[in-house]
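> 3D model of this:
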Amino acid sequence: MEPEEYELLKAACEATAASHPDLQRSQRESPDESAKSIEDEISGFLGAIWQDRKTVYDSAEQALQPLCLLYDLALLQVCDLSHFGLKNAHHRSRVIWPEAQLPVQPSPNAVFYVLASNLAQSMQAFRLLVLHGFEGQARAAFRGVIETADLLIMVLASEATYREFIKSFEDPNESYKHWRSHLSPSKIRAAVSLLEDDDPLSIPIDQTPNEVRKDMYQWLSNFVHVNFVAHIVAAHPEDFAGNSRPLAMLGDVGEASRATLAHGLLYLWITLLRIEKLLWEQHCWKGFRGKRSRKWFKYRCRALDELFLSYLPTYWEKNPVAGTQSI
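Numbering: from 1, shown residues only. The predicted structure is shown next:
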């Protein structure tokens, strides 16, 4: 703790002693000593927790292979989209909706960058939570990944959704009404489902993309919604040997972490396939030039396909999950 922060803490303890003298007397120490006690607990007790998180993270990255490899390649693809959008944010050539008559501000390139960047950040946050042993909390975070990914899909698929997305309102009530009517997760999810019905992706597994999405919503809801049993499980995470540590708040990496990663990867796979299809067929990405053009992105897409098909079927054969069909 820096001296400036310690002075703030000491002042808070002095104010506590003045407003709650009986509580201060019960500690049998001065306000300065109470401040030092709290400083010692932050550095000692919390310090041990931060060290434990580092230990878990260092071992988890290896323990969760090859799923981490698949996830990192998917993350690389999204970060590449974000970087491409950033590089072209002010370029006069559009990276999306090249022929549509759209408002000049915000520019389509900037809109693409914003969504791709937010998706990349959400995916990184999910990865950090999983690898630090917070599997249940990672499920909650992945809902944000899904909402941003689905919104990006519909902004690319529908000019009408694009136009609704770039609208802004000074009145918070009007902004909320607009969001509820056009951009809420349920609205966007329904639109993505219709898109899949109208223009289905062909994926070499025995689930349709809409079935994958439905299964993922259920998997996430098991933790996020009010469910006492699910919260008990999340509060007592097990390692790969099935053991739960007495100090459960520390979190751990185990089979539930692997299952959540596998579910998330399926969702990201169909998402990237859809985004790729939209960019090439609807937004003319095949015409881009430059270093390796955009075909290097496409190449990595095919490598990701091969990685998925080489491992994920094997994973679900060995780890059947209730409510998930065999791949």
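> Lys167 is in contact with Leu183, correct?
No - look at Leu183 against Lys167 with CB atoms under 8 Å: they stay out of range, at 9.2 Å. To be clear about C-beta, it is placed using only N, CA and C from the backbone, and glycine gets the same treatment.
> quick one: which of these two has more around it?
Counted by other CB atoms under 10 Å, Leu183 and Lys167 do not tie: Leu183 has more neighbours, with 18 against 13.
> can you pull the contacts of that one?
Applying CB atoms under 8 Å, 6 or more residues apart in numbering, we find Leu183 in contact with Leu151, Thr161, Glu164, Phe165.
> again, but for Phe169
Per CB under 8 Å, 6+ apart, neighbours of Phe169: Ser175, His178.
> which secondary structure element contains it?
Applying DSSP states H and E as the criterion places Phe169 outside every helix and strand.
> what about it, distance to Tyr176?
Computed as CB to CB, to the nearest Å, the Phe169 to Tyr176 distance reads 9 Å.
> check which helices and strands the helix or strand Ser117 falls within sits against.
In this structure, Ser117 sits in helix 108-131 according to DSSP H and E. Judged by 3 or more CB pairs under 8 Å, 6 or more residues apart in numbering; DSSP states H and E, helix 108-131 is in contact with helix 47-63, helix 67-87, helix 135-157, helix 159-165, helix 255-281.
> returning to that earlier point: return the member of the contacts of Leu183 nearest to Arg300.
Leu151 (22.9 Å; CB to CB).
> check contacts around the residue nearest to that closest one when sequence neighbours are not counted.
Leaving out its chain neighbours, the residue that sits closest to Leu151 by CB to CB, 6 or more residues apart in numbering is Ile188, at 5.4 Å. Residues in contact with Ile188 (CB under 8 Å, 6+ apart) are Glu147, Asp150, Leu151, Met154, Thr161.
> what's the answer for Ile146, then?
Contact partners of Ile146, counting by CB under 8 Å, 6+ apart, are Pro185, Met216, Tyr217, Leu220, Tyr267.
> so what's it scoring on pLDDT?
Note on Ile146: pLDDT of 95.
> likewise the one 4 residues further on?
Turning to Asp150, the model gives it a pLDDT of 96.
> show me what contacts it?
Per CB under 8 Å, 6+ apart, neighbours of Asp150: Pro185, Ile188, Arg189, Val192, Thr271.
> again, only using 10 Å
By CB atoms under 10 Å, 6 or more residues apart in numbering, the contact set of Asp150 is 185, 187-193, 195, 213, 267, 271, 274.
> same thing with Leu250?
Contacts of Leu250 (CB under 10 Å, 6+ apart): Ala48, Ile49, Asp52, Arg53, Thr55, Val56, His132, Gly133, Phe134, Pro237.
> list just the nearest of those residues to Leu76.
Nearest to Leu76 among those, with distances taken as CB to CB, is His132, at 20.7 Å.
> what's the local residue count around that closest one?
20.
> Leu261 too?
So Leu261, with other CB under 10 Å, has 24 neighbours.
> oh, and call the first residue 5 from now on, that's how I've got it
Renumbered: residue one is now 5, and that last one reads Leu265.
> against Thr275, how distant is it?
Distance from Leu265 to Thr275, by CB to CB: 15 Å.
> do Ser248 as well
Here Ser248 is placed at a distance of 33 Å from Thr275 (CB to CB).
> ok, these two, which is more surrounded?
Thr275 (25 against 14).
> which non-adjacent residue is nearest that one?
Thr275's closest residue in space is Ala153 (CB to CB, 6+ apart), at 4.7 Å.
> quick one, what contacts that neighbour?
82, 119, 122-123, 126-127, 146, 192, 196, 271-272, 274-276, 278-279 are the contacts of Ala153 under CB under 10 Å, 6+ apart.
> how about those residues, which pair is most distant?
Asn122 and Ile274, at 19.3 Å, using CB to CB across the contacts of Ala153.
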